[in-house]
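Asker: Quick one: sequence and predicted model below, then my questions.
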Amino acid sequence: MQKLNEGISFETTVNSITARIGTPITQLYHTLTSMSSQYFEKHHKIRNFGMVSGSTGSRWFQTFYENKLQSDLYDLVKYSPKNAVYLHEFLSTYPSSFKEVSDSLPEILIELSDKIKTPSIKRNAIRWAQERNLYKTHIENLKEEESKLNQDLEQERSSEKSINDRITGQQNSQVEEIISSVLKRLPVKVAGEIRHAIARKDDKLQALQRELSNRKINLHETVLFDIVKAMDEITTSIRLSENILNHSVNVKHMDSRLLELEAAMIDMDEMMSESKFRKTETNAVPNMRKHDGLDNSSPYAPWRFGIAMAGSPEFNMDKTGPTGQKLVTIAYTDADAEIIKATEKFMGSKGSDVTTKGSKETDGTNVKSSLPTFKKSKAGI
């Protein structure tokens with residue numbers, strides 16, 4: 001095995017990779033799980049969620065992979081090129097999204113870790129693969145639930161159509177009975193002409209009345225009464241069927257509207273009390289701990305905490321760097337120093353000297369040229 005170039009140690013590379021594939025990956029998948037559940041609750045479908053989740057994955061890709069994890073992986077290939085053949089092939093494909101990275105990289109790192117003896121990378125790579133698979137299972141479950149909802153909706157629509165068709169069939173049957181009852185009292189030739197005249201009419205009863213009126217045919221009062229009564233019954237049946245169907249639709253609409261209002265009220269309650277986590281968040285994120293000693297407004301302390309987690313349980317590191325998480329200023333000129341001191345006085349925040357004035361070469365640095373002393377020519381040049 002060969003050492004890394006450019007002064008980057010193997011331990012530094014391993015710790016950096018371990019940190020970047022640890023907590024950030026776990027948090028990302030927990031976020032995606034929570035987002036997908038909320039999306040499904042609101043839209044009752046999941047098939048378009050990829051457009052929403054894509055932006056979240058893109059942020060991870062840009063923040064943690066490009067120029068960071070990617071660079072560390074190239075350094076790992078340089079350390080052990082023979083063992084890192086699959087990793088090198090993966091990097092050569094130039095993945096452009098979080099999905100492309102997550103689909104292949106965890107298994108590659110697990111196999112490579114066994115060869116180069118990096119248990120911390122293997123541990124976090126295994127956790128990455130587990131989180132990925134749990135998320136995929138979660139999405140598949142939501143897809144199955146969406147399919148079941150669609151089947152239930154289709155059954156309801158089919159049932160409504162069946163009721164409507166049955167009522168329509170009954171109405172048509174009643175109309176035909178009335179027409180037959182009237183026409184059988186007429187001469188066969190006249191009845192046939194009327195039957196032919198009303199055959200293609202939408203409202204056959206009205207068409208029958210017009211034909212009888214045009215031919216000046218006066219039926220017995222009882223026959224007319226039967227027709228009027230039958231028309232009233234059919235009209236009532238139509239209105240009743242419409243009310244049944246409309247009631248079903250209105251009930252569904254009201255239920256849907258109530259669910260939307262309840263969801264809006266829940267969102268309002270959560271917005272008004274941001275000091276507490278939402279129920280969907282606490283359900284999706286296990287074993288959450290708050291570290292009061294680590295101020296999240298500064299990235300330094302959480303970063304050092306992540307490095308320490310990567311080195312657990314040995315913790316072969318200092319808790320802080322030479323300056324901790326304090327602001328550091330550097331004055332290359334006297335003017336810079338005056339500006340800094342004046343600003344400290346104005347802000348009421350006095351600093352302390354860490355290094356002395358001036359930029360000096362360290363002991364052992366060669367300050368003499370290795371070239372021979374230049375000699376002037378006879379012309380003095």
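Answerer: Received it, and whenever you're ready, just let me know what you need.
Asker: May I ask which helix or strand of the chain has the lowest mean pLDDT?
Answerer: Between all helices and strands in the chain, the lowest mean by mean pLDDT, DSSP states H and E belongs to helix 221-272, at a mean of 49.
Asker: Show me which helix runs longest in the protein.
Answerer: Secondary structure of the chain per DSSP state H: the longest helix is helix 119-183.
Asker: buried set for stretch 199-213?
Answerer: Residues of stretch 199-213 classed as buried: 204-205, 207-209, 211-212 (neighbour count, 16 or more other Cβ atoms under 10 Å). C-beta here means a position set from N, CA and C on the backbone, and glycine is covered the same way.
Asker: Kindly report the same for stretch 77-89.
Answerer: Buried residues in stretch 77-89 (16+ other Cβ under 10 Å): 77-80, 83-84, 87.
Asker: again, but for stretch 27-34
Answerer: Buried residues in stretch 27-34 (16+ other Cβ under 10 Å): 28-34.
Asker: Which ones among the residues you listed lie within helices?
Answerer: In helices, defined here by DSSP H, the members of the buried residues of stretch 27-34 are 28-34.
Asker: which one of the residues you listed sits closest to Thr362?
Answerer: Ranked by distance to Thr362 (Cβ to Cβ), these are led by Leu28 at 43.5 Å.
Asker: Find the nearest non-adjacent residue to that closest one, please.
Answerer: In space, and not counting its chain neighbours, Leu28 is closest to Trp60: 5.2 Å by Cβ to Cβ, 6 or more residues apart in numbering.
Asker: What pLDDT is listed against Arg166?
Answerer: What the model reports as pLDDT for Arg166 is 73.
Asker: What's the local residue count around it?
Answerer: Counted by other Cβ atoms under 10 Å, the residues lying close to Arg166 total 11.
Asker: on that earlier part again, isn't the residue nearest to Leu28 right up against Thr26?
Answerer: No: contact criterion Cβ atoms under 8 Å: Trp60 and Thr26 do not qualify, at 11.5 Å.
Asker: Can you tell me how far the most centrally placed residue in the chain is from Met35?
Answerer: When Cα atoms, centre = their mean is applied to the chain, the residue found nearest the centroid is Ser53 (2.8 Å). In this view, Ser53 and Met35 are 7 Å apart by Cβ to Cβ, to the nearest Å.
Asker: Also Phe315?
Answerer: 35 Å.
Asker: which of these two has more neighbours?
Answerer: It is Met35, of Phe315 and Met35, that has more neighbours when counted by other Cβ under 10 Å, with 16 against 11.
Asker: Quick one, grab the pLDDT at that one.
Answerer: 90.
Asker: Present the buried residues of stretch 199-213 as TSV; the columns should include distance to Asn124 and secondary structure.
Answerer: Shown next, in TSV, are the buried residues of stretch 199-213 (distance: Cβ to Cβ, whole Å; DSSP: H, G, I helix; E, B strand; the rest coil):
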residue	distance to Asn124	secondary structure
Lys204	78	helix
Leu205	79	helix
Ala207	81	helix
Leu208	84	helix
Gln209	85	helix
Glu211	87	helix
Leu212	90	helix
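Asker: Looking at those, spot the one nearest Trp128.
Answerer: Nearest member of the buried residues of stretch 199-213 to Trp128, counting by Cβ to Cβ, is Lys204, at 72.0 Å.
Asker: In contact with the closest one: list those residues for me.
Answerer: 175, 179, 198 (Cβ atoms under 8 Å, 6 or more residues apart in numbering).
Asker: Please report how far the first one lies from Glu145.
Answerer: I take that to be Val175. Separation of Val175 from Glu145 (Cβ to Cβ): 45 Å.
Asker: per-domain residue ranges of the chain.
Answerer: 10-149, 164-272 (automatic domain parsing).
Asker: got the contact list for Phe49?
Answerer: So Phe49 contacts 35-36, 39-40, 139 (Cβ under 8 Å, 6+ apart).
Asker: now, among those, which is nearest to Ala19?
Answerer: The nearest member of these to Ala19, counting by Cβ to Cβ, is Met35 at 24.2 Å.
Asker: and Phe40, how many neighbours?
Answerer: Phe40 has 19 neighbouring residues, counting by other Cβ under 10 Å.
Asker: Is it in contact with Leu142, as I believe?
Answerer: Yes: if you go by Cβ under 8 Å, Phe40 and Leu142 touch, sitting 5.1 Å apart.
Asker: if I look at the two, which residues touch both of them?
Answerer: With Cβ under 8 Å, 6+ apart, Phe40 and Leu142 have common neighbours Ile46.
Asker: okay, and for the stretch 1-150 of the chain, where does confidence drop off?
Answerer: 1-8 (pLDDT under 70).
Asker: what are the ranges of the helices in it?
Answerer: Secondary structure of the stretch 1-150 of the chain (DSSP state H, counting those that start in this stretch): helices at 10-20, 23-43, 49-60, 70-79, 85-92, 98-116, 119-183.
Asker: quick revisit: let me know the closest of the ones in helices among the buried residues of stretch 27-34 to Tyr135.
Answerer: Distance from Tyr135 was checked for each of those by Cβ to Cβ. The minimum falls on Tyr29, at 4.9 Å.
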